[in-house]
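Novice: this is the structure alone, sequence omitted:
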């Protein structure tokens, strides 16, 4: 039941997003606010949140090598 509720989450905080991407929260913050950010995020006032679906799509775009290498 908890996994089903977790899969319906629309936005996660920076710590959860960093865990999903297997990077440190500091690296996630740098990726979010670099000069030309490629990592999608949502601002909720001062809060920054990440969509798990956007993170999955971002990973697909970043993927290199193997069958996906062009």
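Specialist: On my side now, so go ahead. Remember, predicted model here, so these are calculated numbers, not experimental data. Residues are numbered from 1 along each chain as shown.

Novice: okay, CA-based contacts and neighbour counts for the rest of this
Specialist: Fine.

Novice: how far is stretch 46-55 from where the chain is centred?
Specialist: Relative to the chain's own centre, stretch 46-55 is displaced by 6 Å; criterion: CA atoms, centre = their mean, to the nearest Å.

Novice: ok, the most centrally placed residue in the chain to residue 8 distance?
Specialist: With distances taken as CA atoms, centre = their mean, the residue of the chain nearest its centroid is residue 55 (3.5 Å). According to CA to CA, to the nearest Å, residue 55 and residue 8 sit 15 Å apart.

Novice: element containing residue 20, please.
Specialist: Using DSSP states H and E, residue 20 sits in helix 14-21.

Novice: next, the buried residues of that helix.
Specialist: Within helix 14-21, the residues that count as buried by 16 or more other CA atoms under 10 Å are 14, 15, 17, 18.

Novice: for those, which one is nearest residue 49?
Specialist: Nearest to residue 49 among the buried residues of helix 14-21: residue 14, at 6.5 Å, using CA to CA.

Novice: got the contact list for the closest one?
Specialist: 25, 28, 29, 48, 49, 50 (CA atoms under 8 Å, 6 or more residues apart in numbering).

Novice: format these as JSON lines; extra columns: neighbour count.
Specialist: Conversion of these to JSON lines gives the following (neighbours: other CA atoms under 10 Å):
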{"residue": "25", "neighbour count": "17"}
{"residue": "28", "neighbour count": "19"}
{"residue": "29", "neighbour count": "15"}
{"residue": "48", "neighbour count": "15"}
{"residue": "49", "neighbour count": "19"}
{"residue": "50", "neighbour count": "21"}
